[in-house]
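Undergrad: return atomic coordinates for the entry below.
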Amino acid sequence: MKLQKPGMRNIKTGIGVMICVLVGYFKIVDNAFFAATACIVSMQTTVKSSLTVGLNRLKGTFLGGIIGFLFVLIKPGDPILSSLGIIATIYICNLLKINKSITIACVVYCSIYLSIGNNNPIDYSINRIIDTSIGVLIGVAVNYYLYRPDYLNSIYEEIRIIETTSIKLLKTEIEKGIHGEISSLKKEITKLESLYKKFLEEVEYSNDEANNEELNRVIKRCKQIYLHLQILEQMKDKCYLSKENYLKSKKICDELTNGDYVKDNVSIVYNYHISAIIDNINEIHGIDENQNENHDKKIV
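TA: The predicted model follows:
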């Protein structure tokens with residue numbers, strides 16, 4: 001079995017928990033457990049998602065803390081009141097439209113109502129809110145400052161992979177007259193879309209500059225290549241290139257061997273899709289060149 005290296009989110013979560021334990025050791029928080037759990041939950045793939053999850057946790061903690069405190073004043077640990085407190089917590093979360101905070105609000109309510117012991121209710125409630133808030137802040141700060149992923153560069157790298165994969169599939173189609181495994185291309189396009197989504201979430205918290213219209217256009221081009229290859233898969237008979245498409249394909253398929261690819265009487269449908277694939281590959285190559293030029297300017 002080949003062991004994988006720990007991911008950066010894994011490592012950053014561990015570092016965040018270590019900081020929470022340290023602030024507990026120095027009595028900055030009352031209970032490091034609540035700070036650490038808040039930090040773990042807040043450690044998401046992007047800074048924006050970390051802030052969103054962290055804020056939802058803070059809302060839930062604050063609401064659960066208040067309700068737990070009020071019910072403790074009535075009678076701590078009562079089975080019926082514990083049920084009514086949970087019902088009230090969920091109802092108020094729905095009323096305030098903070099549905100994503102319901103779980104943590106209920107957990108905080110239970111931690112206060114069922115674990116109050118001999119503690120002062122108001123002190124215990126405030127400490128739980130403070131512990132959670134500090135944990136969220138630590139999680140977001142570690143995610144923001146420590147090894148933030150370069151999603152823009154990853155996008156351009158993925159575009160280059162898609163370009164290379166598309167050229168290989170085109171070459172197989174032309175040279176051997178057989179359809180390549182286009183599922184690999186679909187997998188890379190899905191990965192590209194995922195990276196672009198994360199980039200959009202992260203861009204307002206970074207210094208990256210990118211032309212979103214251009215990136216959207218390139219993603220669309222990648223999808224079009226896949227679509228045209230899908231259509232070619234349905235064509236059972238071997239088809240031949242027009243002279244124009246042969247010359248166009250030679251420009252991007254440097255190692256295209258000499259063969260009987262060209263005929264005068266060719267399939268118009270086949271050549272239309274081949275031409276469209278070549279044009280889309282050239283468009284993808286164009287954004288690669290623009291990215292390299294911008295990278296060189298930054299270095300200068």
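Undergrad: residue 285 contacts residue 163, correct?
TA: Yes - shown here, residue 285 and residue 163 form a contact pair, counting by Cβ atoms under 8 Å, at 5.9 Å. In this view, the C-beta of every residue, glycine as well, is placed from N, C-alpha and C.
Undergrad: neighbour-wise, which of the two wins?
TA: residue 163 (24 against 15; other Cβ atoms under 10 Å).
Undergrad: report the secondary structure state of the more buried one.
TA: The local conformation at residue 163, judged by DSSP: H, G, I helix; E, B strand; the rest coil, is helix.
Undergrad: with adjacent residues omitted, what lies nearest to it?
TA: Counting by Cβ to Cβ, 6 or more residues apart in numbering, residue 284 is the residue found nearest to residue 163 once chain neighbours are left out, at 4.7 Å.
Undergrad: now the one you found: which helix or strand?
TA: For residue 284, the enclosing helix or strand under DSSP states H and E is helix 268-299.
Undergrad: try residue 227
TA: helix 212-233.
Undergrad: helices along the stretch 101-250 of the chain, start to end?
TA: Ranges of helices within the stretch 101-250 of the chain are 102-113, 121-145, 151-176, 183-202, 212-233, 243-252, based on DSSP state H, counting those that start in this stretch.
Undergrad: most tightly surrounded among these?
TA: helix 102-113 (a mean of 22; mean count of other Cβ atoms under 10 Å).
Undergrad: that helix to helix 121-145, inter-axis angle?
TA: The directions of helix 102-113 and helix 121-145 differ by 140 degrees, with axes from the mean of the first three to the mean of the last three Cα atoms, to 10 degrees as the criterion.
Undergrad: now find how far off-centre helix 102-113 is within its chain.
TA: Helix 102-113 sits 29 Å away from the centroid of its parent chain (Cα atoms, centre = their mean, to the nearest Å).
Undergrad: so what does that helix touch, helix or strand wise?
TA: Under the contact criterion of 3 or more Cβ pairs under 8 Å, 6 or more residues apart in numbering; DSSP states H and E, helix 102-113 touches helix 47-74, helix 79-95, helix 121-145.
Undergrad: and if we set it to 6 Å?
TA: For helix 102-113, the helices and strands in contact under the criterion 3 or more Cβ pairs under 6 Å, 6 or more residues apart in numbering; DSSP states H and E are helix 47-74, helix 79-95.
Undergrad: pick out the shakiest of those helices, pLDDT-wise.
TA: Ranked on mean pLDDT, the bottom entry among the helices and strands packed on helix 102-113 is helix 47-74, at a mean of 90.
Undergrad: list the buried residues for that helix?
TA: Using 16 or more other Cβ atoms under 10 Å as the burial criterion, the residues of helix 47-74 that qualify are 47-51, 53-72.
Undergrad: which other helices and strands contact it?
TA: helix 32-42, helix 79-95, helix 102-113, helix 121-145.
Undergrad: need the phi and psi values for residue 27.
TA: Dihedral angles of residue 27 (phi, psi; degrees, to the nearest 10) stand at phi 60, psi 20.
Undergrad: which parts of this protein belong to which domain?
TA: 8-145, 151-295 (automatic domain parsing).
Undergrad: out of the ones you listed, the one nearest residue 2 is which?
TA: Residue 2 lies closest to domain 8-145 among the domains of the chain, at 17.2 Å (Cβ to Cβ).
Undergrad: hmm, back to that, make TSV out of the helices and strands packed on helix 47-74 and add distance to residue 14.
TA: Listed next are these as TSV, based on distance: least, Cβ to Cβ, whole Å:
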stretch	distance to residue 14
helix 32-42	10
helix 79-95	31
helix 102-113	22
helix 121-145	10
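Undergrad: to residue 9, which of those helices lies closest?
TA: Per Cβ to Cβ, nearest to residue 9 of those: helix 121-145, 8.3 Å.
Undergrad: which other helices and strands contact the closest one?
TA: helix 8-25, helix 32-42, helix 47-74.
Undergrad: could the domains of the chain go into a markdown table alongside distance to residue 2?
TA: Shown next, in a markdown table, are those (distance: least, Cβ to Cβ, whole Å):
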| stretch | distance to residue 2 |
| --- | --- |
| domain 8-145 | 17 |
| domain 151-295 | 20 |
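Undergrad: lowest-confidence stretch among those domains?
TA: Among these, domain 151-295 scores lowest, at a mean of 84.
Undergrad: ok so, going back, give me the neighbour count for the residue nearest to residue 163.
TA: 21.
Undergrad: coming back round to it: relative to helix 151-176, how tilted is the helix holding residue 227?
TA: Using the same axes, to 10 degrees: helix 212-233 against helix 151-176 is 20 degrees.
Undergrad: give the other helices and strands that helix 212-233 contacts.
TA: By 3+ Cβ pairs under 6 Å, 6+ apart, helix 212-233 packs against helix 151-176, helix 183-202, helix 268-299.
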